[in-house]
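**Student:** no FASTA, just this:
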């Protein structure tokens, strides 16, 4: 089988201190399976050399309209037809103004006018420049033309100011590029709610009951759903993971808090994916102070926590409902029973314990069972790939 052709992204780099991150951004884009064509403005060369980006990308870095072309084609036209995305990061107020005003006095601004590919811009500038009415208006003009912006971060700026204007996190820029490349799908514009991670139930002010869930599956689902154009709400238990760019995230601790957050977010939701591993039990009476060792056995009375999935199965209007079942034995039978008992539309069953354990890691495997009885077995793969498979199944069945 022929190797799938990589998608080509033109990475425009302009002249500000954030340009030093261009090399890292390029590498991260390559890690996402993309091929990168660097394009530098003259001022960008004061912060990062073309040689660096050329070496990393394996492609000649374009720096000016009058560079010697590699073919007889008009380079900015030929490249504009070849790329799948134009990503400008960092983007100065100057290049944003050129784009908005249709000024074409260097390669990057001329290239922008000649491409019909999606455009993503990650601004970086002094906070006063960011707030200036001219910049605000230029960004509004470009948004109206379909240009996507990755909002700058808030923090200490190279000029000594502190405020909004620093280049967004590399991970957020990569996410935004991925979303633009993915294109809208059947889930575009639909509101999807995803729960992720563990919950914790306190024993005393220091200790708690929880499980080994990392949240990776839920976060991968949120990132994939966002890439498909969905409006994503993520309800997450404790996790060290970075929230996917552009998602509305609420963090919770206990199962009770998770149920409350889900209830508050249900209005207009068409799909709910309960990927969270909600603790099944909690102490009936958590101690107000730290439980001390006494030399004797401690007895702690437990009660069941909220069954969020069963509750969701009875809400009206009822969203398309996807549950997860982590099982140490009888994977299919236990998952099938949960599907029926909870009145849900689809369940993803994952093995835990032993050599096939999937909790906490980057890989997973499992079985998707639909309420019509159809099944799909998923061999071991990354949680990113599993998320894509799950959302493919949802797209096929959401309106049935």
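**Tutor:** Nice, I can see it. Computed from a predicted model, the values in this text were never measured in an experiment. Numbers count the residues shown, from 1 in each chain.
**Student:** all contacts plus neighbour counts: C-alpha atoms, from now on.
**Tutor:** Fine.
**Student:** mind checking the SS state of residue 181?
**Tutor:** helix (DSSP: H, G, I helix; E, B strand; the rest coil).
**Student:** check contacts around it.
**Tutor:** Residue 181 makes contacts with 84, 85, 118, as judged by C-alpha atoms under 8 Å, 6 or more residues apart in numbering.
**Student:** repeat for residue 198
**Tutor:** By C-alpha under 8 Å, 6+ apart, the neighbours of residue 198 are 210-215, 236-239, 276-279.
**Student:** Do me a favour and average the pLDDT over the helix or strand hosting residue 264.
**Tutor:** When secondary structure is defined by DSSP states H and E, residue 264 falls within helix 255-265. When pLDDT is averaged over helix 255-265, the result is 96.
**Student:** Now distance to residue 381, neighbour count and secondary structure too, for the contacts of residue 198, in JSON lines please.
**Tutor:** Written out in JSON lines, the entries for the contacts of residue 198 read as follows (distance: C-alpha to C-alpha, whole Å; neighbours: other C-alpha atoms under 10 Å; DSSP: H, G, I helix; E, B strand; the rest coil):
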{"residue": "210", "distance to residue 381": "26", "neighbour count": "19", "secondary structure": "coil"}
{"residue": "211", "distance to residue 381": "22", "neighbour count": "15", "secondary structure": "coil"}
{"residue": "212", "distance to residue 381": "19", "neighbour count": "13", "secondary structure": "coil"}
{"residue": "213", "distance to residue 381": "17", "neighbour count": "23", "secondary structure": "coil"}
{"residue": "214", "distance to residue 381": "17", "neighbour count": "22", "secondary structure": "coil"}
{"residue": "215", "distance to residue 381": "16", "neighbour count": "24", "secondary structure": "coil"}
{"residue": "236", "distance to residue 381": "23", "neighbour count": "26", "secondary structure": "strand"}
{"residue": "237", "distance to residue 381": "24", "neighbour count": "26", "secondary structure": "coil"}
{"residue": "238", "distance to residue 381": "24", "neighbour count": "18", "secondary structure": "coil"}
{"residue": "239", "distance to residue 381": "22", "neighbour count": "18", "secondary structure": "coil"}
{"residue": "276", "distance to residue 381": "19", "neighbour count": "26", "secondary structure": "coil"}
{"residue": "277", "distance to residue 381": "20", "neighbour count": "25", "secondary structure": "strand"}
{"residue": "278", "distance to residue 381": "24", "neighbour count": "29", "secondary structure": "coil"}
{"residue": "279", "distance to residue 381": "26", "neighbour count": "19", "secondary structure": "coil"}
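**Student:** those strands in the stretch 201-350 of the chain, which residues are they?
**Tutor:** 201-202, 208-209, 231-236, 248-251, 271-274, 281-283, 302-304, 320-327, 346-351 (DSSP state E, counting those that start in this stretch).
**Student:** Would you agree residue 120 falls within a strand?
**Tutor:** Yes - with three-state DSSP as the criterion, residue 120 is assigned to a strand.
**Student:** Apart from its neighbours in sequence, what residue is nearest residue 339?
**Tutor:** residue 347 (6.1 Å; C-alpha to C-alpha, 6 or more residues apart in numbering).
**Student:** Please name the bridge partners of the one you found.
**Tutor:** Beta-bridge pairing of residue 347 under DSSP bridges involves residue 323, residue 369.
**Student:** Give the burial count for it, as a bare number.
**Tutor:** Number of residues near residue 347 (other C-alpha atoms under 10 Å) recorded here: 26.
**Student:** One more: residue 25?
**Tutor:** Counted with other C-alpha under 10 Å, the burial measure for residue 25 works out to 19 neighbours.
**Student:** any idea which element residue 193 lies in?
**Tutor:** Residue 193 is part of strand 191-196 when elements are defined by DSSP H and E.
**Student:** Over to residue 389?
**Tutor:** Here residue 389, judged by DSSP H and E, is contained in helix 383-397.
**Student:** sorry, back to before: show me the contacts for the residue nearest to residue 339.
**Tutor:** Here residue 347 is in contact with 322, 323, 324, 325, 335, 336, 339, 368, 369, 370 (criterion: C-alpha under 8 Å, 6+ apart).
**Student:** Any chance of TSV for those residues, columns pLDDT?
**Tutor:** Shown next, in TSV, are those (pLDDT from 0 to 100):
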residue	pLDDT
322	97
323	95
324	94
325	90
335	91
336	93
339	92
368	95
369	94
370	94
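**Student:** So which of those residues wins on neighbours?
**Tutor:** Neighbour counts for these (other C-alpha under 10 Å) peak at residue 339, which has 26 neighbours.
**Student:** now it: how far from residue 241?
**Tutor:** Here residue 339 is placed at a distance of 29 Å from residue 241 (C-alpha to C-alpha, to the nearest Å).
**Student:** For residue 22, which three-state class applies?
**Tutor:** Following three-state DSSP, we place residue 22 in the helix state.
**Student:** neighbours of it, just the number please.
**Tutor:** The number of residues packed near residue 22 is 23, by other C-alpha under 10 Å.
**Student:** got the contact list for it?
**Tutor:** Counting by C-alpha under 8 Å, 6+ apart, the residues that residue 22 touches are 13, 48, 53, 89, 90.
**Student:** now, which of the residues you listed lie within helices?
**Tutor:** Secondary structure assignment by DSSP state H places residue 53 of the contacts of residue 22 in helices.
**Student:** just to revisit the earlier point, any chance of the contacts of residue 347 in TSV, plus distance to residue 31?
**Tutor:** Formatted as TSV, the contacts of residue 347 follow (distance: C-alpha to C-alpha, whole Å):
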residue	distance to residue 31
322	30
323	31
324	29
325	31
335	35
336	38
339	37
368	29
369	32
370	34
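**Student:** so which of the residues you listed comes closest to residue 112?
**Tutor:** Of all the contacts of residue 347, residue 322 has the smallest distance to residue 112: 42.2 Å, by C-alpha to C-alpha.
**Student:** residues in contact with residue 312?
**Tutor:** Neighbour list for residue 312: 318, 321 [criterion: C-alpha under 8 Å, 6+ apart].
**Student:** if we go to 7 Å?
**Tutor:** Taking C-alpha atoms under 7 Å, 6 or more residues apart in numbering, we find residue 312 in contact with no residue.
**Student:** Kindly provide the distance from it to residue 243.
**Tutor:** 24 Å.
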